[in-house]
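In: what's the 3D shape of this:
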Amino acid sequence: MTSQAISPSDDAGRETISAVLPAESTIHAWIKASHGGAAGRLSVCVGGELFAAIDVSNSDEFQFRRLTLERGGETAFAYDPVTTELSVLYAFAQSHVLEDGIRLLHTGPANAAPEISGGYHFRPPFGWMNDPNGFGRFDGRLHLFYQHYPHSLRWNNMHWGHAISDDYLRWKHLPVFLPPSDEVAARADGRGGAFSGSAIALPGEEAGIRIFFTEHMKDRKPEEQVQLTAASRDLVAAEPAKLILPARPAGLDLTTDFRDPYVFKGPDEKWKMLLGTRDREGGVILLYETDDPAAAAGWTFLGMLHRENRFGMTAAECPCMVPLDGAAKDPSTRWALIFGLLTSRDPVTGRRNMTLATVGWFDGQRFLVEFEQELDFATDAYAFQAFVDDAGPIGIAWLANWTDISRELDMPTAMTLPRRLALQGGALITPPVSAVESLRQRRLDAVSLLVGETVDLANGSVEILLTLGQAGNAFRLDLEHPDATIAVQLNDEGLSIPFSVANAKASPRYIAAGARPSTIRIFLDAGSIEVFADDGRWTGTKRLPGFKGVSSARLIAAEGSVMAAEIWQLGL
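Out: Next up, the predicted model:
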């Protein structure tokens, strides 16, 4: 049992976090001095006896400290809030952390995860989260790394968070995997840190992974962004990183954008690396390769793989590439190249920061485009990253959009539901993984919504399934939300998510123009709506404001237009 309380009168004013911990427990703590005049100190007592005292002098940013308990028992962590701030404190057993995860002992008011009833989307246990990184299956488990700032619910210098799962939905939180460099970590000034990247398994029988990431340091000359790699033998912490790409390729008139290495095995069985950048005309994807079987060194530039100029000087970022309909070595296999376009704007709808999926053939050096489509018509599935799992390619994205981010507003940061990628009817489909059906706890309704009644949605964590009498039949599903006006609508113009917030600037128009689906699955959770029409042929993801869910739904449709309407209560 973990408790937090003020210590007895002889330690008046000190704060204490107490927990019974076993011997050999590893402790991770982030502390800082409250002001420059006195050192910060965290005292650790086991069984009433002082075990360690951790001192820090930095008052600009929390400093990381690690210790291992030699013996177990009642353990007390104490500090004086006048001189010391404690951001995060957790414990774990190094020998079986991959089975049990971490035990969170303390977070502060600034970084505590919001209390969300019944949520089923992945969220960090504390702090800020954005892009997924290193998404993949390693040593039999699914691993999700992510962009992370532990000490606030707002973006700052980047770390890599880490979690594991057996089913894509139920996650165990692991220790923070990759911190920023000491220079970046010294101040909470948003200078940069360990930006996005990817992971591959170490070669042969060797256990562990190799990660690739961008180190960003604002105003560093000549390169703000460089590429690093690091191995992890225990899948819990990264070893020291080394520089592999110190500079952008010369002679291409690229901006300083040079980031988000995505490493994968090409059809020629060589390791390939994609990087996002831009020039004066638009977004650019760069291609590198190495002959090193371990992908640890020897990276050479092959050229520009793809460019997107339709939206002006936008930066291509977070690229990924997976084979869709066959083995990577088969020259007839089609590949999906997916990337975000930072600062892009659709002039017709006003949507920003769109994600494009380009499908074609890849021979290891060149990419021949067959067709291109938007990955998500509501644009809040950003920084999408995919890998090929046992049953085919699976991807996940950050459930947000940079246009919604501010320094003043806490937001319900989350990942999307994981999604399959496949070709169907000349299009890329992205339905949710089949495991989402395991979230269904009970059926809330199969009649009332269909006859036009308003249906209460309990805590708002639900799945709504609509089956139309004919493809393209018109309907409108109004959703009651405390902070926004939301609906799902199908008419002659297409499938859309009408959305607005009172006293805010006009929202973009979230529409899949011309879509005429016959089935629609709608997933609602606190902070989000995800719409999958015709098995993900059209997918729309929108972040919702605040930390509360949709409270009720009402269907408006002509008689016979909707043949069936079910609502399921969801939960982990």
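
In: pretty sure Leu490 is touching Ile520, no?
Out: Yes: between Leu490 and Ile520 there is a contact under CB atoms under 8 Å: 7.5 Å. Where C-beta positions appear, they are placed from N, C-alpha and C, glycine not excepted.

In: neighbour-wise, which of those two wins?
Out: Set Leu490 next to Ile520 and count neighbours by other CB atoms under 10 Å: Leu490 wins out with 26 against 23.

In: ranges for the strands of the stretch 301-450 of the chain?
Out: With DSSP state E, counting those that start in this stretch as the criterion, the stretch 301-450 of the chain has strands at 315-323, 335-342, 355-362, 367-374, 382-389, 392-398, 419-420, 422-424, 427-429, 440-445.

In: do the same with the stretch 1-150 of the chain
Out: Remark: strands assigned in the stretch 1-150 of the chain by DSSP E, counting those that start in this stretch are 3-6, 15-21, 25-33, 40-46, 49-56, 63-68, 73-79, 84-93, 103-107, 128-138, 141-149.

In: give me the common contacts of Leu490 and Ile520.
Out: Here Leu490 and Ile520 have Leu468 as joint contacts, going by CB atoms under 8 Å, 6 or more residues apart in numbering.

In: which residues touch Gly197?
Out: Contact partners of Gly197, counting by CB under 8 Å, 6+ apart, are 133-134, 211-214, 260-262.

In: sorry, wrong one. I was asking about Asp55.
Out: Contacts of Asp55 by CB under 8 Å, 6+ apart are 39-41.

In: and if you look at Met158?
Out: Contact analysis of Met158 by CB under 8 Å, 6+ apart lists 147-149, 180, 192-195, 216.

In: what's the closest of the strands of the stretch 1-150 of the chain to Gly266?
Out: strand 128-138 (16.5 Å; CB to CB).

In: partners of that closest one in the sheet?
Out: Paired neighbours of strand 128-138 in the sheet (DSSP bridges): strand 141-149 (antiparallel).

In: and the helix or strand that the strand it pairs with is followed by, how far from the chain's centre?
Out: Toward the C-terminal end, the helix or strand that comes next after strand 141-149 (DSSP states H and E) is strand 159-165. Centroid separation for strand 159-165 versus its chain: 10 Å, with CA atoms, centre = their mean, to the nearest Å.

In: just stretch 207-218 next, same as before
Out: How far stretch 207-218 lies from its chain's middle: 16 Å, per CA atoms, centre = their mean.

In: returning to what we had before: next, format the contacts of Met158 as JSON lines and append pLDDT.
Out: Formatted as JSON lines, the contacts of Met158 follow (pLDDT from 0 to 100):
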{"residue": "Gln147", "pLDDT": "98"}
{"residue": "His148", "pLDDT": "97"}
{"residue": "Tyr149", "pLDDT": "97"}
{"residue": "Pro180", "pLDDT": "97"}
{"residue": "Gly192", "pLDDT": "96"}
{"residue": "Gly193", "pLDDT": "97"}
{"residue": "Ala194", "pLDDT": "98"}
{"residue": "Phe195", "pLDDT": "98"}
{"residue": "His216", "pLDDT": "98"}
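
In: any idea which of the residues you listed is closest to Leu86?
Out: Tyr149 (16.4 Å).

In: tell me the contacts of the spatially closest residue to Gly312 that is not a sequence neighbour?
Out: Distances taken as CB to CB, 6 or more residues apart in numbering put Gly282 closest to Gly312, at 6.6 Å, once the chain neighbours are dropped. By CB under 8 Å, 6+ apart, Gly282 lies in contact with 307-314, 316.

In: quick one: closest of the strands of the stretch 1-150 of the chain to Thr300.
Out: Nearest to Thr300 among those is strand 128-138; the distance by CB to CB comes to 23.1 Å.

In: ok, of the contacts of Asp55, which come out buried?
Out: 40-41 (16 or more other CB atoms under 10 Å).

In: closest one of the contacts of Asp55 to Val451?
Out: Nearest to Val451, judged by CB to CB, of the contacts of Asp55 is Gly40 at 62.6 Å.

In: contacting residues around the closest one?
Out: For Gly40, the contacting residues are 31-34, 55-57, 59, 79, 83-85, by CB under 8 Å, 6+ apart.

In: where's stretch 95-104 relative to the chain centroid, distance-wise?
Out: Stretch 95-104 sits 21 Å away from the centroid of its parent chain (CA atoms, centre = their mean).

In: with just CA atoms, put that stretch into PDB.
Out: Output in PDB follows, covering the C-alpha atoms of stretch 95-104 (Å, rounded to 0.1, in the frame of the first residue of the first chain):
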ATOM      1  CA  SER A  95      14.700  -8.800 -12.900                       C
ATOM      2  CA  HIS A  96      11.000  -8.900 -13.800                       C
ATOM      3  CA  VAL A  97      10.100  -5.400 -14.800                       C
ATOM      4  CA  LEU A  98       9.000  -6.600 -18.200                       C
ATOM      5  CA  GLU A  99       6.400  -8.800 -16.500                       C
ATOM      6  CA  ASP A 100       5.300  -6.400 -13.800                       C
ATOM      7  CA  GLY A 101       6.100  -2.900 -15.000                       C
ATOM      8  CA  ILE A 102       6.800   0.000 -12.700                       C
ATOM      9  CA  ARG A 103       5.100   0.900  -9.400                       C
ATOM     10  CA  LEU A 104       4.300   4.600  -9.500                       C
END
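
In: what about Arg71, neighbour count?
Out: Arg71 sits with 14 neighbouring residues when counted by other CB under 10 Å.

In: who's in contact with it?
Out: Shown in contact with Arg71 (CB under 8 Å, 6+ apart): 23, 46-47.

In: where does the stretch 401-550 of the chain dip in pLDDT?
Out: Applying pLDDT under 70 to the stretch 401-550 of the chain flags residues 410, 412.

In: swap in the stretch 1-150 of the chain?
Out: Ranges of the stretch 1-150 of the chain meeting pLDDT under 70: 1-12.

In: at 50 instead, please
Out: Residues of the stretch 1-150 of the chain meeting the criterion pLDDT under 50: 1-10.

In: tell me which of the strands of the stretch 1-150 of the chain lies nearest to Asn156.
Out: Proximity to Asn156 (CB to CB) singles out strand 141-149 among these, at 4.3 Å.

In: so which bits of the closest one are buried?
Out: Buried residues in strand 141-149, counted by 16+ other CB under 10 Å: 142-149.

In: list the contacts of that strand.
Out: With contacts defined as CB under 8 Å, 6+ apart, strand 141-149 is touched by 98, 122, 124, 127-137, 155-168, 171, 176-178, 195-196, 199, 209, 211, 235, 396, 415.

In: same question, stretch 201-208
Out: Around stretch 201-208, the neighbours that count as contacts under CB under 8 Å, 6+ apart are 136, 138-139, 209-210, 231-235, 293-294.

In: pull the most distant pair out of the residues you listed.
Out: Using CB to CB, these span at most 21.6 Å, a distance reached by Asp234 and Pro293.
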